[in-house]
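Asks: Dropping the sequence and predicted coords here.
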Amino acid sequence: MCTTAGAVAGLGITGIEAAGGPAAVSAADADSKDMPRRKLGRTGHQVSIFSLGGEATVQQSGRQDEAEAIIDKALDLGVNYIDTSPTYGGGGSESNIGQVMSRRRKEVFLASKTQDRTYDGTMRLIEQSLKRLQTDYLDLYQVHSVRVNDDVDQALGRQGAVRAMEKLKSEKVIRNMGITGHKDPDVLIRGITRHDFDTVLLTLNAGDIHYRPFQEDLLEKAAEKQMGIIAMKVTAVSRILKPGGAVSMQEALGYTLSFPVSTAIIGISSLEEVEENARIAREFEAFSSDELARIEDKTRPHQDQANFFKHHW
């Protein structure tokens, strides 16, 4: 397996440089609370390096007041990107976000997804998503969670989801098109090779590199194509965090942001978590290759864990 030091050196650039520079806040962004920003590929958007994921408390219909408070706090602290999906909370995430979008839509680059691989299914889904999100357009619409090559082939077929997305883009219902995947970087490489997506949403953390790393060939390919690269699962679904894990949130988020990504989306459970992640983002300085390797070493699995993931990944 390629080491992190080798992967970063192979890209020929540090994470911040690859993502378009340190993205200092301009005078026009005085309300951003000094949240660093980076270029989101070819979209033209300068995105906060910490962005809000639509899972955790945000997706729970029975906790609407808490969800709205979290979303408002994130925006107040300079977050300007929100990612959601109709699958999160059975539409609860989109509905909760929609309550805030009804009054703060212009502050947000808003992204949702289609889990349907067909033209007709995608057209039905976006109509529902727009209604829940209380908006008439999305800044980004994504093919959700491609896992196997057949997912890509279906979505790109003559009556596939991508054809629907192209029509929606021509009608200005969506502004950009993306693809997402948690499981297999090779499937995502197939997707971004066969179609010129604007963004890719991928897993990137210090734990999963020991099983199936996304921060090697896939990251290099996406950077070459000048895509907006959005990272998720920065804590490996909390598997690598202390206590019981190996690293702190500052190390986990800093690790991910040290690669050539535009932003990292994080699901939030409390106002305290929003504030913590915003603070980490504001204080972020890219880790060296040695520091990245040290964090990876702390997350190295025991042999029984390695064997489990080898056979179940």
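Replies: Noted; the coordinates are in hand. Numbers count the residues shown, from 1 in each chain.
Asks: Okay, buried residues for stretch 77-92 please.
Replies: 77-89, 91-92 (16 or more other CB atoms under 10 Å). From N, CA and C alone the C-beta is placed, and that goes for glycine too.
Asks: What is the strand or helix carrying residue 73 packed up against?
Replies: For residue 73, the enclosing helix or strand under DSSP states H and E is helix 64-76. Using 3 or more CB pairs under 8 Å, 6 or more residues apart in numbering; DSSP states H and E, the elements in contact with helix 64-76 are strand 50-56, helix 92-104, helix 271-283.
Asks: What are the buried residues along it?
Replies: In helix 64-76, residues buried by neighbour count (16+ other CB under 10 Å) are 66-67, 69-75.
Asks: starting at the chain centroid, how far to it?
Replies: Distance, stretch centre to chain centre, for helix 64-76: 19 Å (CA atoms, centre = their mean, to the nearest Å).
Asks: Could you do stretch 183-193 as well?
Replies: Once both centres are worked out by CA atoms, centre = their mean, stretch 183-193 turns out to sit 15 Å from its chain's centre.
Asks: which outside residues touch it?
Replies: Outside stretch 183-193, the residues within contact range by CB atoms under 8 Å, 6 or more residues apart in numbering are 143, 145-149, 151-152, 155-156, 179, 181, 197, 200, 202, 212-214, 216-218, 221-222, 225, 227, 313.
Asks: Show me what the helix of greatest length in the chain is packed against.
Replies: Longest helix of the chain, by residue count under DSSP state H: helix 119-133. Counting contacts by 3+ CB pairs under 8 Å, 6+ apart, helix 119-133 is packed against helix 92-104, strand 109-114, helix 161-170.
Asks: Go ahead and build a ChimeraX selection from the buried members of the contacts of stretch 183-193.
Replies: A single ChimeraX command selects the buried members of the contacts of stretch 183-193 (16+ other CB under 10 Å):
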select :143,145,146,151,152,155,156,179,181,197,200,202,212,213,214,216,217,218,221,222,225,227
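Asks: Keep only those of the contacts of stretch 183-193 that are in strands.
Replies: Among those, DSSP state E puts 143, 179, 181, 200, 202 in strands.
Asks: which residues does the fourth one bridge with?
Replies: So the one you mean is residue 200. Taking DSSP bridges as the rule, residue 200 bridges to residue 179, residue 229.
Asks: how about it, what does it touch?
Replies: 178-180, 188, 191-192, 218, 222, 227-230.
Asks: Okay, now the unreliable bits of the stretch 201-313 of the chain?
Replies: The stretch 201-313 of the chain contains residues with pLDDT under 70 at 302-313.
Asks: Show me the helices in the stretch 201-313 of the chain, by range?
Replies: Along the stretch 201-313 of the chain, counting by DSSP state H, counting those that start in this stretch, helices occupy 217-224, 249-257, 271-283, 289-298, 303-312.
Asks: Of all those, which one is nearest residue 56?
Replies: When those are compared by CB to CB, helix 271-283 sits nearest residue 56, at 8.4 Å.
Asks: elements contacting the closest one?
Replies: So helix 271-283, by 3+ CB pairs under 8 Å, 6+ apart, packs with strand 50-56, helix 64-76, helix 249-257, strand 263-268.
Asks: what does the helix holding residue 73 rub up against?
Replies: Residues outside helix 64-76 that contact it (CB under 8 Å, 6+ apart) are 33, 52, 57-60, 82, 95-97, 99-100, 104, 107-108, 268, 270-271, 274-275, 278.
Asks: For it, output the C-alpha coordinates as CSV.
Replies: C-alpha atoms of helix 64-76 as CSV (Å, rounded to 0.1, in the frame of the first residue of the first chain):
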residue,chain,number,x,y,z
GLN,A,64,-36.9,20.1,14.8
ASP,A,65,-36.1,23.0,17.2
GLU,A,66,-32.7,21.5,18.1
ALA,A,67,-32.0,20.8,14.4
GLU,A,68,-32.9,24.4,13.4
ALA,A,69,-30.7,25.8,16.2
ILE,A,70,-27.7,23.7,15.0
ILE,A,71,-28.2,24.8,11.4
ASP,A,72,-28.5,28.5,12.4
LYS,A,73,-25.4,28.3,14.6
ALA,A,74,-23.4,26.7,11.8
LEU,A,75,-24.4,29.5,9.4
ASP,A,76,-23.7,32.2,12.1
